[in-house]
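Asks: give me a 3D structure for the following:
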Amino acid sequence: MRVRGRTTRRVSIAALTCYKPGQRSRLIWRPHRHNRTTSGRKSFAWTDYRDLLIAAHRQLGAPIVVIWDNLNTHLTDGMRRFIAGHDWLTVYQLPAYAPDLNAAEGIWSLLRRGRLANRIITDPEDLMRIIRSDLHRIQYRPHLVEGCLTATGLDLERS
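Replies: Have a look, this model is predicted:
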């Protein structure tokens, strides 16, 4: 039986959980696959997050309020200039380590408990196929996305 060792490939995913009172919750996501044997960035650059925010703004057709963790890419000068230059975008930073307040963490939990749990991945394409399929499954079940917000203890009501 052949057992595969450590791979030189990596998959990153950026996701936005989107909520608006009275409307269906949404999940907007983008995958990034990197092959470490080639030169280049191993994860998303600030420009990739910028492009995701622009795509979300176009898709949602409304101003966006983003609640972000303190990932170093979210804190770059380029991202700060981008945020300052767009009145449709408001960003709040979470405290230094607060995954329990980040609704997107619930999405990763759902992925890990899904078909990725206790599974042997044969190649990077197999991994991407499973991730895409599971994210589509979550994306079209708004109650799962809403459950991620509920798990944070946050709500949409202004106080």
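Asks: flag the shaky bits of this structure, pLDDT-wise.
Replies: 1-9, 35-41, 158-159 (pLDDT under 70).
Asks: CA atoms of stretch 150-159 as PDB?
Replies: What follows is stretch 150-159, C-alpha atoms only, in PDB (Å, rounded to 0.1, in the frame of the first residue of the first chain):
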ATOM      1  CA  THR A 150     -25.100  32.800  16.100                       C
ATOM      2  CA  ALA A 151     -22.100  30.900  17.400                       C
ATOM      3  CA  THR A 152     -20.200  34.200  17.900                       C
ATOM      4  CA  GLY A 153     -22.900  35.600  20.200                       C
ATOM      5  CA  LEU A 154     -23.000  38.700  18.000                       C
ATOM      6  CA  ASP A 155     -26.300  40.000  16.400                       C
ATOM      7  CA  LEU A 156     -27.200  42.400  13.700                       C
ATOM      8  CA  GLU A 157     -29.200  44.700  15.800                       C
ATOM      9  CA  ARG A 158     -27.800  48.100  16.600                       C
ATOM     10  CA  SER A 159     -27.700  49.200  20.200                       C
END
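Asks: buried stuff in it?
Replies: Using 16 or more other Cβ atoms under 10 Å as the test for burial, stretch 150-159 gives Thr152. Using the backbone N, CA and C atoms, a C-beta is placed for each residue, glycine as well.
Asks: show me how far that stretch is from its chain's centre.
Replies: Chain-centre distance of stretch 150-159: 19 Å, with Cα atoms, centre = their mean, to the nearest Å.
Asks: show residues contacting it.
Replies: Identification of contacts with stretch 150-159 by Cβ atoms under 8 Å, 6 or more residues apart in numbering yields 19-21, 100-103, 106, 149.
Asks: looking at those residues, spot the one nearest Arg50.
Replies: Asn102 (19.5 Å; Cβ to Cβ).
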